[in-house]
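Colleague: coordinates for the following, if possible.
(one chain, ligands or ions: 2)
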Amino acid sequence: MFEILKINSQRPEKCFIQKAVKIIKKGGLVAFPTETVYGLGANALDKNAVRKIFKVKGRPLDNPIIVHIAKIEDLNLLARNIPKDVKILVQKFWPGPLTFVLFKKNAVPDEVTAGLKVVAIRMPKNKIALEMIKKAGFPIAAPSANLAGRPSPTFARHVFEDFGSKIDLILDGGRTKIGVESTVVDLTVKPFQILRPGGISFEELKKVLPDLRLHPSLLDGTFKGKSKSPGMKYRHYAPKASLILVNPIRDSKKWDKVQKGRISNGVEGKEQVLRIQNLIKKYQKQNKKVGVLSSFETKRFYQQADLVLISGSRKNLEQIAQNLFKILREFDKQKVDIILAEGVPEKGIGFAIMHRLKKASQG
Ligand code: AMP
Ligand code: MG
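Modeller: Ligands and ions are numbered 1, 2, ... in the order given. As a prediction, the model looks like this:
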């Protein structure tokens, strides 16, 4: 029988963890919070349980799933030929939003990796997730707990919106802290490559791995190149409305110079605002309901729009990341036809935000 349990994120109640573990041991599905987004978990070593994840999400069968572990030794259970750099990466970033792609061992079912010879592994930084994996005693495969293609869930209610009672349990541990998924790094190629930007920034990783590259499909800005990480090729993270990403910003110093309701001349933020104002008019003439994904500083410029939702302050990209998926879902609830989204500078977590917005705007 389906259940949602409110669970303490600092001191997770043992009885709730036990309940979750019991379900997972029997081959069931449990949605649980991580620091990035909510995951839909199953026993990673049970191929039938993993198949259920694909079925319930409507996930394309060629899109592999990240395996979550709670102790570092489990890396050796799942992966082989592990490069020595993993040690320092683990010391610095685990538990946390960093996923390694490594050559897989036979213990990992083909269902998890969608037939690939490599497996993606991470240790999440969330007490509920860690307790659950520890008590289960085996790794847990978990993609984001949303219907395939939809914005990822950052609240338990988003999981319920997508699945209702089609899964066995939702552990409600409140909002997720980071709001975008983990950074995926391929450690099976030299130099190592980022396959998906996420919670740990390229800049932070470069400090540890100076040779680190971006996968070419991330470089051309369209993400249309041949993808190594199969999930990257799909329209993703997407609201039902058409999303138009306006003026990706290159110079962050100019972007956040919006003060007291005025934007000084010649700054990139101004071009973005003017362009959005024009697009509001254009689409309203076509009788479309137009929403704007705005920063706190620029909301006042979009009074003509049918709905303006604020992702956060231009001075705080972490806040924008945390709110992003919740707001995309909110636009759908309010049934807008068009979302005009302000691009953000592609620095720090801004790179992950822009990646999600670009993917959401495809198609
Ligand atoms: P999600 O669980 O929804 O955050 O999606 C996980 C993403 O991680 C997938 O879409 C892939 O892009 C990536 N991924 C998972 N497993 C692998 C793998 N074995 N090789 C390459 N990328 C992977
Ligand atoms: Mg996902």
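Colleague: contacts and neighbour counts: CA atoms only from here.
Modeller: Fine.
Colleague: contacts for stretch 160-171 next, please.
Modeller: Applying C-alpha atoms under 8 Å, 6 or more residues apart in numbering, the external contacts of stretch 160-171 come out as 1-7, 20, 23, 28-33, 56, 146-147, 156, 159.
Colleague: for ChimeraX, what selects the buried ones among these?
Modeller: The buried residues among the contacts of stretch 160-171 can be selected in ChimeraX (16 or more other C-alpha atoms under 10 Å) with this line:
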select :4,7,20,23,28,29,30,31,32,33,56,146,147,156,159
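Colleague: with adjacent residues omitted, what lies nearest to residue 158?
Modeller: Closest residue to residue 158 apart from its sequence neighbours, by C-alpha to C-alpha, 6 or more residues apart in numbering: residue 146 at 7.6 Å.
Colleague: OK, contacts around residue 154?
Modeller: Applying C-alpha under 8 Å, 6+ apart, we find residue 154 in contact with 36, 37, 38, 175, 176, 179, 322, 325, 326.
Colleague: neighbours of residue 216, how many?
Modeller: For residue 216, the count of nearby residues is 17 (other C-alpha atoms under 10 Å).
Colleague: in what helix or strand does residue 90 lie?
Modeller: Here residue 90, judged by DSSP states H and E, is contained in helix 85-93.
Colleague: list the buried ones in that helix?
Modeller: For helix 85-93, by 16+ other C-alpha under 10 Å, it's 90, 93.
Colleague: ok, back up a step: contacts only, for the residue nearest to residue 158.
Modeller: Applying C-alpha under 8 Å, 6+ apart, the residues contacting residue 146 are 57, 152, 153, 158, 159, 162, 163.
Colleague: how about it, secondary structure?
Modeller: coil (DSSP: H, G, I helix; E, B strand; the rest coil).
Colleague: so what's the backbone phi/psi at it?
Modeller: phi -130, psi 160 (degrees, to the nearest 10).
Colleague: which residues are in contact with the residue nearest the centre of the chain?
Modeller: In the chain, the C-alpha nearest the mean C-alpha coordinate belongs to residue 181, at 2.7 Å (C-alpha atoms, centre = their mean). By C-alpha under 8 Å, 6+ apart, the contact list for residue 181 reads 36, 37, 97, 198, 199.
Colleague: go on, residue 178?
Modeller: 35, 36, 37, 199, 318, 321, 322.
Colleague: give me the pLDDT value at it.
Modeller: Residue 178 is assigned a predicted lDDT (pLDDT) of 98.
Colleague: that one - that's part of a helix, no?
Modeller: No - counting by three-state DSSP, residue 178 is not part of a helix but coil.
Colleague: if I pick residue 31, what's in contact with it?
Modeller: 38, 39, 40, 41, 145, 159, 167, 169, 170, 171 are the contacts of residue 31 under C-alpha under 8 Å, 6+ apart.
Colleague: what's the most distant pair in those residues?
Modeller: Greatest spacing in the contacts of residue 31, by C-alpha to C-alpha: 38 and 167 (13.5 Å).
Colleague: of those two, who's got more company?
Modeller: For the pair residue 38 and residue 167, the greater number of neighbours falls to residue 38 (32 against 20), based on other C-alpha under 10 Å.
Colleague: pull the contacting residues for the nearest residue in space to residue 174 that is not next to it in sequence.
Modeller: In space, not counting the residues next to it along the chain, residue 174 is nearest to residue 155; the distance is 6.1 Å by C-alpha to C-alpha, 6+ apart. Contacts for residue 155 (C-alpha under 8 Å, 6+ apart) come out as 37, 38, 172, 174, 175, 176, 326.
Colleague: report the secondary structure state of the spatially closest residue to the last one that is not a sequence neighbour.
Modeller: Spatial nearest neighbour of residue 326, excluding adjacent residues (C-alpha to C-alpha, 6+ apart): residue 154 at 6.6 Å. Three-state call for residue 154 (three-state DSSP): coil.
Colleague: could I get the average pLDDT for stretch 314-334?
Modeller: pLDDT averaged over stretch 314-334 gives 96.
Colleague: quick check: buried residues in it?
Modeller: 314, 317-329, 331-332.
Colleague: which ones among those map onto strands?
Modeller: Using DSSP state E, no member of the buried residues of stretch 314-334 falls within strands.
Colleague: ok, now which ones touch residue 355?
Modeller: residue 197.
Colleague: where's it, which helix or strand?
Modeller: Taking DSSP H and E as the definition, residue 355 sits inside helix 350-361.
Colleague: look up how far residue 184 lies from residue 147.
Modeller: Note on residue 147: its distance to residue 184, by C-alpha to C-alpha, to the nearest Å, is 21 Å.
Colleague: and residue 282, how many neighbours?
Modeller: 13.
Colleague: helix, strand or coil for it?
Modeller: Counting by three-state DSSP, the backbone at residue 282 sits in helix.
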